[in-house]
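Student: What follows is a predicted structure for the sequence shown.
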Amino acid sequence: MNPTDARSLFDGVQRLAIITGSGVSAESGIPTFRDTENGLWADFDPMTLATPEGFLRDAPLVWAWYAWRRHLVAGASPNPGHTAISELLSSFASAALITQNVDDLHERAGSRNVIHLHGELMKSKCFDCHHPQADSAPPLPEPRERIEPPQCLQCGGRLRPDVVWFGEVLPPDAWEQAMDAVSTCDLLIVAGTSGQVYPAASLVEVAYAAEATVIQINPEPTPLDRWATANIRGRSGDVLPELVRLLSRPA
Ligand code: OAD
């Protein structure tokens with residue numbers, strides 16, 4: 001389906017929910033995870049870099065890899081997809097943005113109360129006592145170096161990025177808010193995710209089961225296609241601004 005045909009799916013919508021994945025930040029130059037070109041997991045081993053066991057084995061390698069990713073995000077800017085999402089959110093009385101992304105590009109595009117299912121790259125916490133903590137480690141331009149993580153001011157443990165690693169539970173508040181949003185929305189837009197990581201992907205099925213309209217935006221087919229009322233094959237930085245333009249015109 002194209003954005004023009006999808007326009008009518010917004011008619012009468014009171015409650016909007018949006019779920020985003022790394023594809024939404026791809027046009028800002030932030031790598032996705034599973035794309036065959038440029039996907040992070042093509043070049044880096046998730047079990048080494050994105051698990052508690054990996055951190056226990058080689059914390060300086062893990063800390064440095066996330067410092068490199070912070071460097072990428074710090075140097076990036078929101079793209080027209082992020083801006084369009086912020087505009088969509090402000091044009092509905094009830095709207096929620098749920099992201100799997102750990103970057104802060106939605107916030108920098110003006111979106112508020114973003115539900116970060118997988119944590120936030122720019123924040124840190126103690127690996128041992130989980131106390132959230134500001135850290136001053138500078139972003140790092142090279143991914144394969146080693147840097148000793150700073151120490152926790154509470155217990156002396158090592159700091160880690162405040163992101164969700166494989167095998168870890170999602171932040172309970174974020175999950176509760178996300179479930180509430182998808183089970184009560186009239187329209188769910190899901191953009192830029194491969195739909196392969198659970199439980200995040202199951203939110204789309206929850207919206208479908210609650211009889212919400214589901215619009216998916218992705219250049220490629222995904223396992224979420226089956227739940228979507230409309231699959232718009234395209235880049236979020238093109239499709240979302242087009243939808244905003246169409247909605248700003250009288251029907
Ligand atoms: P993936 O890398 O799995 O999927 C990215 C999706 O974005 C693919 O379906 C692409 O087709 C699509 N895509 C690429 N460019 C796009 C564009 N310009 N516009 C729209 N879509 C585009 O990334 P995620 O689904 O976000 O978890 O991955 C989910 C989780 O897996 C991540 O949050 C991360 C990772 O392991 C954790 O870190 C816990």
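Tutor: Right, received. Where do you want to start?

Student: drop to CA atoms for contacts and neighbour counts, all remaining ones
Tutor: Fine.

Student: Burial check on Pro143, number of neighbours?
Tutor: Here the count is done by other C-alpha atoms under 10 Å, and Pro143 has 17 residues near it.

Student: and the gap between it and the ligand?
Tutor: Distance check for Pro143 against the ligand: by C-alpha to the nearest ligand atom, to the nearest Å, it reads 16 Å.

Student: ditto for Ile217
Tutor: Ile217 sits 6 Å away from the ligand, going by C-alpha to the nearest ligand atom.

Student: in this protein, which residue is closest to the centre?
Tutor: The centre of the chain sits closest to Asn101, judged by C-alpha atoms, centre = their mean, with a distance of 2.2 Å.

Student: Flag every residue of this structure that's near the ligand.
Tutor: Counting by C-alpha under 6 Å from any ligand atom, the positions of the chain adjacent to the ligand are 21-24, 26-27, 32-35, 100-101, 118, 164-166, 191-195, 197, 218-220, 235-236.

Student: Now list the buried members of these.
Tutor: Of the members of these, the ones counted as buried by neighbours, 16 or more other C-alpha atoms under 10 Å, are 21-24, 26-27, 32-34, 100-101, 118, 164-165, 191-195, 218, 235-236.

Student: ok, longest helix in this protein?
Tutor: helix 59-74 (DSSP state H).

Student: returning to that earlier point: how about the contacts made by the residue nearest to the centre of the chain?
Tutor: Shown in contact with Asn101 (C-alpha atoms under 8 Å, 6 or more residues apart in numbering): Thr20, Gly21, Ser22, His116, Leu117, His118, Gly119, Glu120.

Student: Give me the phi and psi angles of the closest residue to the third one other than its chain neighbours.
Tutor: Ranked by C-alpha to C-alpha, 6 or more residues apart in numbering and with sequence neighbours excluded, the top spatial neighbour of Ser22 is Thr32, at 5.1 Å. With angles defined as degrees, to the nearest 10, Thr32 sits at phi -80, psi -170.

Student: ok, Thr32 - contacts?
Tutor: With contact taken as C-alpha under 8 Å, 6+ apart, Thr32 is in contact with Ser22, Gly23, Ser25, Ala26, Asn38, Gly39, Leu40.

Student: Flag the least confident of those residues.
Tutor: In terms of pLDDT, the lowest of the contacts of Thr32 is Asn38, showing 77.

Student: Neighbours of it, how many?
Tutor: Counted with other C-alpha under 10 Å, the burial measure for Asn38 works out to 15 neighbours.

Student: Am I right that it is in a strand?
Tutor: No - the assignment for Asn38, made by DSSP: H, G, I helix; E, B strand; the rest coil, is coil rather than a strand.

Student: If you count neighbours, what's buried in stretch 110-130?
Tutor: 110-111, 115-127, 130.

Student: what's the closest non-adjacent residue to Asn231?
Tutor: Taking C-alpha to C-alpha, 6+ apart as the measure, Asn231 lies nearest to Gln216, with 4.9 Å between them; neighbours along the chain are not counted.

Student: again, but for Leu9
Tutor: Sequence neighbours aside, Thr213 is the residue nearest to Leu9 in space, at 7.3 Å (criterion: C-alpha to C-alpha, 6+ apart).

Student: try Gly195
Tutor: The spatially closest residue to Gly195, leaving aside those adjacent along the chain, is Ala201, at 4.9 Å (C-alpha to C-alpha, 6+ apart).

Student: That neighbour: neighbour count?
Tutor: Counted with other C-alpha under 10 Å, the neighbours of Ala201 add up to 18.

Student: So for it, what's the pLDDT?
Tutor: Taken from the predicted model, the pLDDT recorded for Ala201 is 97.

Student: Good, we can wrap up now.
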